[in-house]
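Visitor: Predicted model, plus sequence, below.
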Amino acid sequence: MEHLVVVGASLAGIRAVEAARKAGHQGAVTLVGAERHLPYDCPPLSKAFLDDTGEEPADPRFRTEEHLRHELGGGELRLGVPATSLDTASRLVGLGNGSELGYDALVVATGGAARTLPGTEDLSGVHALRTWDDALAVRSALDAGARTVVIGAGFIGSEVASSARKRGLPATIVETLPVPLVRSVGEDMGKACADLHRAHGTDLRCGETVDGLESSGGAVTGVRLGSGEIVPADLVVVGIGVSPCTGWLEGSGVELHERDRGVVADATLRAADGVYAAGDVVHFPNHLFDGEVMRLEHWTTAAEQGAVAARNALDPANATELGTVPYFWSDWYSSRIQFVGRPAADEIRVVSSEQGDDRFLALYRRGDRLVGTITIDRPTQIMKYKRLISKRASWAEALQFAGVG
C-alpha cells in the first residue's frame with residue numbers, strides 16, 4: 001500500500017493518519033477535509049466553549065499545521081476541498097476543485113452534518129451546533145444575552161441550554177416526546193434528566209411540536225408551538241439529529257444504509273475493496289454485542305475506529321474485527337451524565353445508594369447480560385461498569401457489583 005488517502009479531517013481522520021505512521025507505513029498519506037479549519041475537537045464546542053468564563057475559549061484544534069504536516073510525513077493536507085465522488089474501480093476520489101486523487105487504500109471519515117429546519121437557511125439567529133463556525137455563532141449570541149430556545153432535548157441541545165442558564169439567560173427546550181431522551185436512556189432516567197433541567201431554571205416543554213419560527217427583518221424573534229403559543233427567542237438552536245455525509249459516495253459501489261445513507265461495513269470496517277470507514281459515518285456489526293449493527297456518534301468510538309480502519313486498510317490480510325463498548329458523556333449545569341454500552345434493554349434497573357440521593361445510577365439488562373449503564377455525578381464508577389460490559393458480565397454479577405444483588 002503506497003498511498004493512503006483519508007477523506008474527513010475529523011477525529012477519526014486524525015487517528016487514522018496517526019495509526020498509519022505508528023504501524024510503520026512509509027508511503028504517502030493525504031488528508032482531505034471539507035472545512036477550512038485545521039482538524040479540531042468537537043465535544044468542547046457544546047460544553048466549555050459556550051460557557052462565560054471571562055476568558056477567550058481554548059483553541060479546539062488537535063494539532064498545529066506544522067505538527068500535522070510532520071505526522072503526514074511528506075504527504076498532503078488538503079483543507080477546504082470536499083470530496084465529491086468516488087470511483088472504486090479506478091481508485092480515484094473526485095474533489096470539489098475539479099481534481100482527482102488516486103489511492104491504494106482509502107479511509108472514509110467524513111462524519112455527519114446536523115439536520116436543519118427547512119426554510120431557515122437565510123434566517124439570522126437560527127443555528128445547528130456541529131462545527132466550529134456553529135459554535136462561534138452560538139457563543140456570540142450568548143455573549144449578547146440572547147433569549148435561547150433549543151428545538152430537541154438531546155444531549156447537544158441540552159448542553160446549549162445549560163450554558164445559557166449558567167450565564168443567567170432564559171432558556172427553553174421544546175421536545176416532541178413526553179420524556180426527554182427516552183429512546184436513548186429509558187423513561188426513568190429521562191425523567192431524572194428532565195428534573196435536572198427544571199432544577200436549574202430551564203423551561204422544558206415536553207410533548208410540544210414546533211409549528212414554525214417568527215421573524216422580523218430577517219432575524220428570528222420567536223418559536224411558534226403547535227399549541228399556538230409563541231416563545232420569544234433571539235437564538236434558536238436546532239438539535240434534531242445528524243445525517244452521515246455520504247452524498248459523494250452515491251453510485252460508487254459502496255453500500256449505503258437504506259435508513260440514513262451511512263456507510264455499511266463489515267466488522268473490520270471494510271466497506272469495499274480498498275475502502276474502510278470510521279466514525280459517525282459507518283454502520284458496523286459489533287461482536288461484543290453479538291453482532292448488533294451500530295452507527296455510533298461518540299468521541300471515543302471515532303478515535304478507536306479511525307485507528308482500526310487505517311491499520312486494516314494498510315494490511316487487509318491481517319485485518320482485525322472491532323469489538324467496542326460505546327461510551328459518551330454530557331455536561332449539564334454542574335453535573336456530568338455518562339453512559340456506557342447500549343440503551344436497548346429488556347429491563348432498566350435504577351439504583352440509588354441511599355434515599356434521596358440525586359447521583360443516579362441505572363443498569364440495563366438484555367437477556368442475562370449487563371449491556372448498559374448510565375450515571376449522573378458518579379465519575380469514578382462508570383469505567384468499572386464499562387469493564388463489566390466488555391467482559392460480558394451477567395446480570396447477577398452486575399447487580400452484585402452495584403450492591404443490590
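Guide: Structure's in. What do you need?

Visitor: before we move on, what SS does A141 have?
Guide: helix (DSSP: H, G, I helix; E, B strand; the rest coil).

Visitor: need the contact list for it.
Guide: Under the criterion of CB atoms under 8 Å, 6 or more residues apart in numbering, the contact list for A141 reads 125, 127, 148, 234-235. Yep, even glycine has a C-beta here, placed from its N, CA and C like the rest.

Visitor: which pair in those spans the largest distance?
Guide: H127 and D234 (11.6 Å; CB to CB).

Visitor: hang on, the earlier thing: what about the contacts of A141, which one has the most neighbours?
Guide: Within these, T148 tops the neighbour count with 27 neighbours, counted by other CB atoms under 10 Å.

Visitor: in the sheet, who's paired with it?
Guide: Counting by DSSP bridges, T148 forms beta bridges with A171, L235.

Visitor: one step back: looking at the contacts of A141, which one is closest to M294?
Guide: Using CB to CB, the contacts of A141 come closest to M294 at H127, 28.5 Å.

Visitor: which ones are touching that closest one?
Guide: 134, 137-138, 141, 235-238.

Visitor: The same query, at a cut-off of 10 Å, please.
Guide: With contact taken as CB atoms under 10 Å, 6 or more residues apart in numbering, H127 is in contact with 114, 116, 120, 133-138, 141, 160, 220, 235-238.

Visitor: Going through those, which ones are buried?
Guide: Buried members of these, counted by 16 or more other CB atoms under 10 Å: 114, 120, 134-135, 137-138, 141, 160, 220, 235-238.

Visitor: So which of these are in helices?
Guide: Taking DSSP state H as the definition of helices, the buried ones among the contacts of H127 contribute 134-135, 137-138, 141, 160.

Visitor: related to what we said a few turns ago, next, show the common contact partners of H127 and D234.
Guide: 141, 220.

Visitor: Assumed M383 was part of a strand.
Guide: No. Under three-state DSSP, M383 falls outside any strand and is assigned helix.

Visitor: Please report how far the nearest residue to it once chain neighbours are set aside lies from V185.
Guide: By the measure of CB to CB, 6 or more residues apart in numbering, the closest residue to M383 outside its immediate chain neighbours is V340, 7.7 Å from it. The gap separating V340 from V185 is 12 Å, by CB to CB, to the nearest Å.

Visitor: same thing with P343?
Guide: With CB to CB as the criterion, P343 and V185 are 6 Å apart.

Visitor: Now for those two: what residues contact both?
Guide: With CB under 10 Å, 6+ apart as the test, P343 and V185 both reach 364, 372, 374.

Visitor: Go through those and name the one nearest F289.
Guide: Taking CB to CB as the measure, G372 is the one of those closest to F289, at 9.9 Å.

Visitor: Who does the closest one form a beta bridge with?
Guide: Here G372, judged by DSSP bridges, has bridge partners G341, Y364.

Visitor: what residue ranges in the stretch 1-150 of the chain score low on pLDDT?
Guide: Filtered on pLDDT under 70, the stretch 1-150 of the chain yields the residue ranges 74.

Visitor: Helices of that one, start to end?
Guide: For the stretch 1-150 of the chain, the helices defined by DSSP state H, counting those that start in this stretch cover 11-22, 65-72, 132-143.
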